[in-house]
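J.: Structure of the sequence below:
(chains A, B, C and D)
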Number of protein chains: 2
Amino acid sequence: MTEQQRRPTLVDVAQAAGVSRALVSIVMRGAPGAAEATRQKVLQAARELGYRPDSRARLLRSSRTRLLGLSFSSSQPFHAEIVDAAYAEAQGRGYEIALSAIASGRPETRAIESLLDFGSEALVMVSPALSNEELARYASQVPVVSLLRDDVGDSVDSVSSDDRAGIRLAVGHLIGLGHRHIVHVDGGTAVSAEKRSAAFRAEMQRHGLDAVVVTGGPNEEDGLRAARCLLDTSLVREVPTAVVAFNDRSALGVIEGFRAEGLRVPADVSVLGYDDSQLARLSYVQLSSVSQDAPLLAAAAVNRAADRVEGAEAPAHVVRTPHLVVRKTTAPPRGS
Amino acid sequence: MTEQQRRPTLVDVAQAAGVSRALVSIVMRGAPGAAEATRQKVLQAARELGYRPDSRARLLRSSRTRLLGLSFSSSQPFHAEIVDAAYAEAQGRGYEIALSAIASGRPETRAIESLLDFGSEALVMVSPALSNEELARYASQVPVVSLLRDDVGDSVDSVSSDDRAGIRLAVGHLIGLGHRHIVHVDGGTAVSAEKRSAAFRAEMQRHGLDAVVVTGGPNEEDGLRAARCLLDTSLVREVPTAVVAFNDRSALGVIEGFRAEGLRVPADVSVLGYDDSQLARLSYVQLSSVSQDAPLLAAAAVNRAADRVEGAEAPAHVVRTPHLVVRKTTAPPRGS
DNA sequence: GGGAGAATCTAGATCGTTCTAGTTCACCCA
DNA sequence: TGGGTGAACTAGAACGATCTAGATTCTCCC
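T.: Numbers count the residues shown, from 1 in each chain, chains lettered A, B, ... in the order given. Below is the predicted model of the structure:
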């Protein structure tokens, strides 16, 4: 059945059009140096044969591969939005994106080496968990841009959101509403969890308030567990009136944990998420959240990578200020 | 700073070890034909230089690329689980996976051609939306395996779940609990939506019941909208006692829509999802759902692709029977 | 008409591998 | 002794493109 016919090559097109390989190459790349008439003739022949250039050969030979490697975590739905934005931006600048997922049984190093083996000219890593030494080693081979993590040393570019400012917005918003008992459900061992909890402590202190931080994690179950712990009067003196969660998924868990015990959000307790992911935007969730504007950050990272490839000087650390999106899970505390 | 030193090649390793390129190639591939002593010597030299074979050159030259292309939709969190499983299975069979996401501004054809350009020996497409003619055209170049969609013609392999059986399980379960007024919230224009709604109609008819189908879609908002419509007494004669949703995300929307109007799930109305995704498993959701066992299907698809590459005969259609996972959103109807 | 200069086109080397078809050499056995 | 065998190794072509440098043709102007 499925006749596995050989895919046409430059040579085939050249023969069909009656010109040299080199000229076909010129036409296919859209490079200058071909007369309009022949250009049309060649394109016509290519179209008829169904010719498509072979990336492997093209990447192998050309010094410029115009390929950006992107490593991400397949288990983080949030990363999908980033992938989307990165594709769009790369296309605009004339780059291809090579994807490599970090999955169970496929550690980050594997994902990255695969990208390098394919000839990526630069790497964009979403929330890399590698040590700074490892990052630096990769950075000695190609430009590396860390996305959503900024403490990556001097050899690596980073594009991230200002976590301190984000937490400041969150805390400021809640205090502005009149809250005093605010708890932070942290991200556990997740990347940038420590940064956010430190910022939370600093910010609460600045307002002269007690900073209570309980252990959470990056997903719903973690938030749920933390909420249970907050309601356990044997553990906590007083149930807080507001919670700042590590991210949206965790915030959802917190909300469900409260709901299960009959507390209403935001009437009894306010909950604030982080990321402003699609989850937060669902009409029945309407989660107030700190937006890092991930698509924008992704675009910036891709641009930064392209700049470096095209000869930009030293690595830079781009930090964007997040903004607050107030929806319906935050309100003034009861009885105020 | 970042000294962009040239990456070492076979030649460098050969020189360092004092042997020929070909022999280094043999050693690196683990092919027979090298003495143990030299093998060690070469490996040692490679390690010292930090040599890694260049995929582009390797893929270009070798007839076998051992590369499987996987196209998926970045906006479907459900696909992430599939990617994960595919990686694992491919690794076991000694294949690499090349990922290509379908995103906004990046249509399926683009994603696929990119995979072909990189030299994929076969394609695995998750829920392809292409026409059968287009699929056949790709199938004339390399083996194509459609995952989660089975009406793809004779030139394409498929690995899918039996939608009829799944719906039969769903309806059977609800009827078994005593439900009579069961509604299906369909998938709108999503792949395999029609198949499931047809199966629903057939199954209800078989039990001598009225089959009501309302328009839904593949995500939460669609489910929510459908639920509102079901509660609107000007549109529906009677509120159903049970709903079979197109998938888990839509089911969640349905549940929220009911909850918003004060209906309790499952006390007042039962809701059944489809996919048994991570969402369904969340401890505060506990959604009863039809499991297609996507990781298993993904593994099967990868295996099928590898089989075809390695010379398996004609395309085959593998259909697995789904199973029901009963959790806490289905119960007997009120007053039974 | 002829020569400068631009426009167009081509030959051949090259990227880093794998593959084919050897060569070399030690060893065994008649 | 000498030929056969097999293991270990290698030279050189090939994969399908791009790149460099040079060849050819065209244009234009004095």
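J.: Give me the phi and psi angles of residue A:171.
T.: Here is the backbone geometry of residue A:171 (degrees, to the nearest 10): phi -60, psi -40.
J.: show me what contacts it?
T.: A:182, A:200, A:203, A:204, A:207, A:244 (Cβ atoms under 8 Å, 6 or more residues apart in numbering or on different chains). Where you see a C-beta, it was placed from the backbone N, CA and C, and this is true even at glycine.
J.: State the pLDDT value of it.
T.: With respect to pLDDT, residue A:171 scores 98.
J.: try the one 5 residues further on
T.: Looking at residue A:176, its pLDDT reads 97.
J.: Of the contacts of residue A:171, grab the buried ones for ChimeraX.
T.: Typed into ChimeraX, the line below selects the buried ones among those, using 16 or more other Cβ atoms under 10 Å in any protein chain shown:
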select /A:182,200,203,204,244
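J.: Kindly reformat the contacts of residue A:171 as a markdown table containing pLDDT.
T.: Below are the contacts of residue A:171 laid out as a markdown table (pLDDT from 0 to 100):
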| residue | pLDDT |
| --- | --- |
| A:182 | 97 |
| A:200 | 98 |
| A:203 | 97 |
| A:204 | 97 |
| A:207 | 97 |
| A:244 | 98 |
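J.: Output the contacts of residue A:171 as TSV; include the columns distance to DNA strand D and secondary structure.
T.: Shown next, in TSV, are those (distance: Cβ to the nearest atom of the strand, whole Å; DSSP: H, G, I helix; E, B strand; the rest coil):
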residue	distance to DNA strand D	secondary structure
A:182	57	strand
A:200	51	helix
A:203	52	helix
A:204	56	helix
A:207	58	coil
A:244	51	strand
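J.: Where does the prediction get shaky in chain A?
T.: Residue ranges of chain A with pLDDT under 70: A:1-5, A:336.
J.: Output the set of residues of it in proximity to DNA strand C.
T.: Contacts of chain A with DNA strand C, taken as Cβ under 7 Å from any atom of the strand, map to A:19-23, A:26, A:33-39, A:57, A:60-61.
J.: Could you rerun that using 6 Å?
T.: Proximity of chain A to DNA strand C, by Cβ under 6 Å from any atom of the strand, involves residues A:19, A:20, A:21, A:22, A:23, A:33, A:34, A:35, A:38, A:60, A:61.
J.: Quick check: the residue of the stretch 151-300 of chain A found nearest DNA strand D vs chain B, distance?
T.: When distances are taken as Cβ to the nearest atom of the strand, the stretch 151-300 of chain A reaches nearest to DNA strand D at residue A:157, 24.7 Å away. Separation of residue A:157 from chain B (Cβ to the nearest Cβ, to the nearest Å) stands at 10 Å.
J.: same question, residue A:330
T.: Distance from residue A:330 to chain B, by Cβ to the nearest Cβ: 19 Å.
J.: Would you mind confirming that that residue makes contact with residue A:272?
T.: Yes - with contact defined as Cβ atoms under 8 Å, residue A:330 and residue A:272 form a contacting pair (5.7 Å).
J.: list the contacts for the nearest residue to residue A:209 once chain neighbours are set aside?
T.: Closest residue to residue A:209 apart from its sequence neighbours, by Cβ to Cβ, 6 or more residues apart in numbering or on different chains: residue A:180 at 6.1 Å. Applying Cβ under 8 Å, 6+ apart, one finds that residue A:180 lies in contact with A:209, A:241, A:333.
J.: Just to be sure, the first one is in a strand?
T.: No - when DSSP: H, G, I helix; E, B strand; the rest coil is applied, residue A:209 is found to be coil, with no strand at that position.
J.: give me the number of residues near it?
T.: Counted by other Cβ atoms under 10 Å in any protein chain shown, the residues lying close to residue A:209 total 15.
J.: And the helices in the stretch 201-336 of chain A, which stretches?
T.: A:220-231, A:248-260, A:278-281, A:294-309 (DSSP state H, counting those that start in this stretch).
J.: mind checking how far the shortest one is from the chain centre?
T.: Centroid separation between helix A:278-281 and its chain, computed with Cα atoms, centre = their mean, to the nearest Å, is 16 Å.
J.: which outside residues touch that helix?
T.: Applying Cβ under 8 Å, 6+ apart, the contact partners of helix A:278-281 are A:77, A:81, A:248-249, A:251-252, A:273, A:285-289, A:325, A:327.
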